[in-house]
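1. Generate coordinates for the sequence data below:
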Amino acid sequence: MSLYESVLIVRQDVSTAQVESLADDLTKVLSDMGGNVSKRENWGLRTLAYRIKKNRKGHYVLLNIDAPAEAVHEYERQMRINEDILRYITIRVDELEEGPSVMLARESRSREPRTENRERTNA
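-> This next block holds a predicted model:
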């Protein structure tokens, strides 16, 4: 079986619960055809670089997939059919990343308070 990373963008007017349900359905498609999803990250609602189908924002979801090619083809077919999915990309990789992705690591860093700013205000 091959390893893949897949990112999909879901319309902004879809709720977070519906995004999770959609990701569950796509995971089920892969598992029914002999694959599995080793990691799933919801990156949340983010601003798009340009409008896609009149949407300025989208819910981003990352899936790390270990599945045969036929399962990935069916997975992508299901995404093409679904009107809630604005864009998707699936890339074959040599190995899957362990731990949080760069997007989540950057987000957690931006949420941490900066110590140098606190030191300056106390001085």
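
2. ok, now which ones touch the closest residue in space to Y60 that isn't next to it in sequence?
-> Spatial nearest neighbour of Y60, chain neighbours left out: W43 (3.8 Å); criterion: Cβ to Cβ, 6 or more residues apart in numbering. All C-beta spots, glycine's among them, are computed from the backbone N, C-alpha and C. Applying Cβ atoms under 8 Å, 6 or more residues apart in numbering to W43 gives the contacts H59, Y60, V61, L62, M103, L104, E107.

3. same deal with Q18?
-> D84.

4. Next, it: secondary structure please.
-> helix (DSSP: H, G, I helix; E, B strand; the rest coil).

5. related to what we said a few turns ago, looking at the contacts of W43, which are in strands?
-> H59, Y60, V61, L62 (DSSP state E).

6. Most neighbours of all these, which one?
-> Greatest neighbour count in the ones in strands among the contacts of W43, by other Cβ atoms under 10 Å, goes to H59: 26 neighbours.

7. Assess the claim that it and V7 are in contact.
-> No - using Cβ atoms under 8 Å, H59 is not in contact with V7; the gap is 11.1 Å.

8. Return the set of residues that bridge with I65.
-> Y4, V37 (DSSP bridges).

9. So it versus E107, what's the distance?
-> 22 Å (Cβ to Cβ, to the nearest Å).

10. now do L86
-> L86 is 21 Å from E107, by Cβ to Cβ.

11. Neighbour count: those two, which is higher?
-> Taking other Cβ under 10 Å, L86 and E107 do not tie; L86 has more neighbours (17 against 14).

12. For that one, give me its contacts.
-> I9, V10, R11, I52, K53, N55, G58.

13. May I see these arranged in TSV, with distance to E70 and secondary structure as well?
-> Shown next, in TSV, are these (distance: Cβ to Cβ, whole Å; DSSP: H, G, I helix; E, B strand; the rest coil):
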residue	distance to E70	secondary structure
I9	24	strand
V10	24	strand
R11	28	strand
I52	29	strand
K53	29	coil
N55	31	strand
G58	28	strand
